[in-house]
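# return a 3D structure for these sequence lines:
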Amino acid sequence: MKKRALLALVGTVALASCNQAPDVSGKSVTKTFTDQKLAGYTTPSGTAVFVDLTGGDRRTTLTVKGLKPNTDYLAHYHAMGAASTTDVCKSNGAVVGGMIGMTTKSNASGDLTIKGFQMTADLKDAKYINVHENVAGLPVPVCAPL
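Sure thing, here's the model as predicted:
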């Protein structure tokens, strides 16, 4: 009986340790999205919040309002590009770290939340985050310089 109780206790502790939140190695950073003044959008706005975790991951949460309703969007970190030397959001830099989260559909009010994890090392050259429609031509309604 004592062995069963001990095994049950060990199992509970093991499961509990799996459900612990990841250790944070840095403080949370919040960046504000800027409206890119695209036709069809009513003053989109929002924030990009990210925090680096002990295991080498960055947890990112993007919250945007004022997008087109019921539309598929995706988001990326980008490096500085050559198209503009004064506005990182218009520099057309390469994607770094892959997609943030998954393609996500805005709700009927045009609100959107995207969450994801990337390897911190893959984001060392990141200069901005943008959210764009998941269609050809990639209209970018919001961007957050880092």
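# can you give me the strands in the protein?
Using DSSP state E, the strands found in the chain span residues 29-32, 34-35, 45-52, 57-65, 72-79, 95-99, 104-105, 112-119, 126-133, 142-145.
# can you lay out the ones you listed as a markdown table showing distance to Cys89, mean neighbour count and mean pLDDT?
All C-beta spots, glycine's among them, are computed from the backbone N, C-alpha and C. Formatted as a markdown table, the strands of the chain follow (distance: least, C-beta to C-beta, whole Å; neighbours: other C-beta atoms under 10 Å; pLDDT from 0 to 100):
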| stretch | distance to Cys89 | mean neighbour count | mean pLDDT |
| --- | --- | --- | --- |
| strand 29-32 | 11 | 13 | 98 |
| strand 34-35 | 7 | 16 | 96 |
| strand 45-52 | 12 | 19 | 97 |
| strand 57-65 | 14 | 20 | 97 |
| strand 72-79 | 9 | 20 | 96 |
| strand 95-99 | 14 | 15 | 96 |
| strand 104-105 | 20 | 17 | 95 |
| strand 112-119 | 17 | 18 | 97 |
| strand 126-133 | 5 | 22 | 97 |
| strand 142-145 | 4 | 22 | 98 |
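# for Thr85, find the nearest of the ones you listed.
With C-beta to C-beta as the criterion, Thr85 lies closest to strand 126-133 of the strands of the chain, at 11.8 Å.
# got the angle between the closest one and strand 45-52?
Angle of strand 126-133 versus strand 45-52, following axes from the mean of the first three to the mean of the last three C-alpha atoms, to 10 degrees, is 130 degrees.
# residues in contact with strand 126-133?
Contact partners of strand 126-133, identified using C-beta atoms under 8 Å, 6 or more residues apart in numbering, comprise 31, 33, 46, 48, 60, 62, 64, 67-68, 71-80, 88-89, 91, 93, 96-97, 100, 112, 114, 138-146.
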